[in-house]
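Engineer: sequence and predicted structure below; questions after.
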Amino acid sequence: MHRLPPLLATLAVMATLSWGAGQELILITDGLRNPVVITHAGDGSGRLFIAEQPGRIWIFAGSEFLSEPFLDLRASISYGGERGLLGLTFHPDHRENGLFFVHYSDASGDSVISQFRVTDDPDRADPASERVLLTIEQPFANHNGGQLAFGPDGYLYLGLGDGGGAGDPLGAGQRLSTLLGKLLRIDVDRGDPYAIPEDNPFLKTPDARAEIWAYGLRNPWRFSFDRETGDLFIGDVGQNRLEEIDLLPAGSGGGQNFGWNVTEGDLCFAPRNDCDRTGLIAPILVYDHGPEGGRSVTGGYVYRGDIHPTLQGDYLFGDFVSGRLWRGIRSYDGWSIELLMETGLNISTFGEDAAGELYLAAYNSGAVYLLGR
């Protein structure tokens with residue numbers, strides 16, 4: 001018999017959704033407003049941190065949803081559409097240094113990456129401790145990206161969209177002189193306010209931004225590292241035909257071009273036919289905007305928990321519009337997609353707890369679910 005992780009051991013289950021034989025989405029809370037991040041601090045506390053797009057971060061500890069927010073940024077951000085509090089991650093040494101990082105839209109709508117520190121109370125952050133690391137001007141209100149995550153190398157990775165507007169009108173995806181449409185990689189433990197890792201691929205490229213690790217992305221809302229292998233999976237939201245999952249295998253280095261806006265998924269975009277794919281990295285998984293697909297991919301995680309042995313090593317992800325939950329299955333000849341569930345939810349994000357169990361959030365209902373049984 002599989003038990004719930006310690007975080008939920010005493011929780012009274014409020015509702016469940018079946019997604020397979022003996023498999024359920026177990027509701028752990030539905031009292032949130034537009035949840036967009038689920039994560040943990042890696043400090044052994046067993047707490048879940050859940051961020052709302054309007055600007056608050058909450059703690060779910062044991063069976064208790066704490067009454068006061070961990071941090072409230074509502075006075076500092078612009079919220080609406082694709083703007084707001086978009087990313088949250090904790091320093092690998094958070095237990096020792098108390099540091100964590102957020103990505104939010106400021107009052108002007110620009111993207112801000114900031115460092116904060118906890119107070120003497122580990123359940124409360126110090127709002128006055130903010131240290132802005134990076135501000136990125138956003139020309140439009142959409143395609144801000146969002147995800148922040150530390151890689152196995154200890155560096156901070158950030159996904160940024162192409163700046164918005166249909167079809168990448170600024171050509172940001174393929175232009176190395178802008179941070180838009182990119183995956184960034186910076187060293188937050190050195191420099192002022194950060195340093196560029198010496199092996200970043202464009203460090204010595206004239207007119208290129210040295211923070212860039214990979215490019216050719218449209219709107220990488222969610223990406224994740226496989227906690228066992230270090231592989232990096234990116235869910236990149238498509239334009240009007242295809243949604244895609246991209247893969248950077250561990251150890252492959254940086255500099256990859258994922259194609260936008262030359263390609264959308266595995267099809268030509270500009271031009272629509274006979275585009276030059278030289279040097280472009282094709283996605284490992286795509287699905288279309290038809291009745292069996294979706295319209296806005298939400299990148300997930302490679303499953304490494306204990307509750308579902310049959311999912312070990314599979315990449316679980318979903319769609320914000322259709323609510324479908326899929327797994328990507330790796331085989332000797334590539335990847336394939338299998339539908340796990342029609343959730344009926346606006347899946348806004350996935351998250352792992354410290355044990356590797358997987359959660360997802362429903363944007364409109366404000367609910368967070370455990371993939372349990």
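Structural biologist: Okay, I see it.
Engineer: state the number of residues packed around the nearest residue to residue 367 once chain neighbours are set aside.
Structural biologist: Setting aside the residues directly before and after it, residue 367 is nearest to residue 30 in space (C-beta to C-beta, 6 or more residues apart in numbering), at 4.0 Å. Using the backbone N, CA and C atoms, a C-beta is placed for each residue, glycine as well. Applying other C-beta atoms under 10 Å, we find 14 residues neighbouring residue 30.
Engineer: quick check: residue 30 vs residue 122, distance?
Structural biologist: Distance of residue 30 to residue 122, computed by C-beta to C-beta, to the nearest Å: 26 Å.
Engineer: who's residue 24 bridged to?
Structural biologist: residue 18, residue 372 (DSSP bridges).
Engineer: per-residue confidence at it?
Structural biologist: The predicted local distance difference test score for residue 24 is 88.
Engineer: so what's it up against?
Structural biologist: Contacts for residue 24 were tallied using C-beta atoms under 8 Å, 6 or more residues apart in numbering; they are 16-18, 372-373.
Engineer: what's near enough to touch the residue positioned nearest the centre of the chain?
Structural biologist: Taking C-alpha atoms, centre = their mean as the criterion, residue 222 is the residue nearest the geometric centre of the chain, at 2.5 Å. Contacts here follow C-beta under 8 Å, 6+ apart; on that basis residue 222 touches 146-147, 159, 235, 298-300, 349-350.
Engineer: one more time with 6 Å
Structural biologist: Under the criterion of C-beta atoms under 6 Å, 6 or more residues apart in numbering, the neighbours of residue 222 are 147, 235, 298-299.
Engineer: and the closest residue to it other than its chain neighbours, what element?
Structural biologist: Once flanking residues are discounted, residue 222 sits nearest to residue 299: 3.6 Å by C-beta to C-beta, 6+ apart. Using DSSP states H and E, residue 299 sits in strand 297-302.
Engineer: and for whichever helix or strand comes after that strand, what's in contact with it?
Structural biologist: Counting by DSSP H and E, the element after strand 297-302 in chain order, helix or strand, is strand 315-319. Strand 315-319 has contacts (C-beta under 6 Å, 6+ apart) with 233, 235, 294, 297-300, 302-303, 325-328, 347.
Engineer: among those, who's most crowded?
Structural biologist: Among these, the one with the most neighbours (other C-beta under 10 Å) is residue 297, at 30 neighbours.
Engineer: check whether that one really touches residue 235, as I assumed.
Structural biologist: Yes. At 4.5 Å, residue 297 counts as touching residue 235 under the criterion of C-beta atoms under 6 Å.
Engineer: for residue 219, list the residues it contacts.
Structural biologist: Residue 219 makes contact with 143, 161, 237 under the criterion C-beta under 6 Å, 6+ apart.
Engineer: repeat the analysis, applying 7 Å as the threshold.
Structural biologist: Contact partners of residue 219, counting by C-beta atoms under 7 Å, 6 or more residues apart in numbering, are 143, 145, 161-162, 236-237.
Engineer: among those, name the ones in strands.
Structural biologist: Helix and strand membership here follows DSSP state E; of the contacts of residue 219, those in strands are residue 236.
Engineer: could you give me the PyMOL syntax to select whichever of the contacts of residue 219 are buried?
Structural biologist: In PyMOL, this line selects whichever of the contacts of residue 219 come out buried by 16 or more other C-beta atoms under 10 Å:
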select buried, resi 143+145+161+162+236+237
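Engineer: just the strands in the stretch 101-250 of the chain please.
Structural biologist: With DSSP state E, counting those that start in this stretch as the criterion, the stretch 101-250 of the chain has strands at 111-118, 125-136, 148-150, 156-159, 182-186, 212-215, 222-225, 232-236, 242-248.
Engineer: what about the helices in this structure?
Structural biologist: Assigned helices in the chain, in chain order: 94-97 (criterion: DSSP state H).
Engineer: on the pLDDT front, check the residue located most distally from the centre of it for me.
Structural biologist: No residue in the chain has its C-alpha farther from the mean C-alpha position than residue 274, which lies at 32.2 Å (C-alpha atoms, centre = their mean). Residue 274 is assigned a predicted lDDT (pLDDT) of 95.
Engineer: ok, so of the contacts of residue 219, who is nearest residue 53?
Structural biologist: Ranked by distance to residue 53 (C-beta to C-beta), the contacts of residue 219 are led by residue 145 at 13.7 Å.
Engineer: need phi/psi at that closest one.
Structural biologist: Dihedral angles of residue 145 (phi, psi; degrees, to the nearest 10) stand at phi 70, psi -150.
Engineer: wait, it touches residue 160, no?
Structural biologist: Yes. Counting by C-beta atoms under 7 Å, residue 160 is a contact partner of residue 145 at 4.1 Å.
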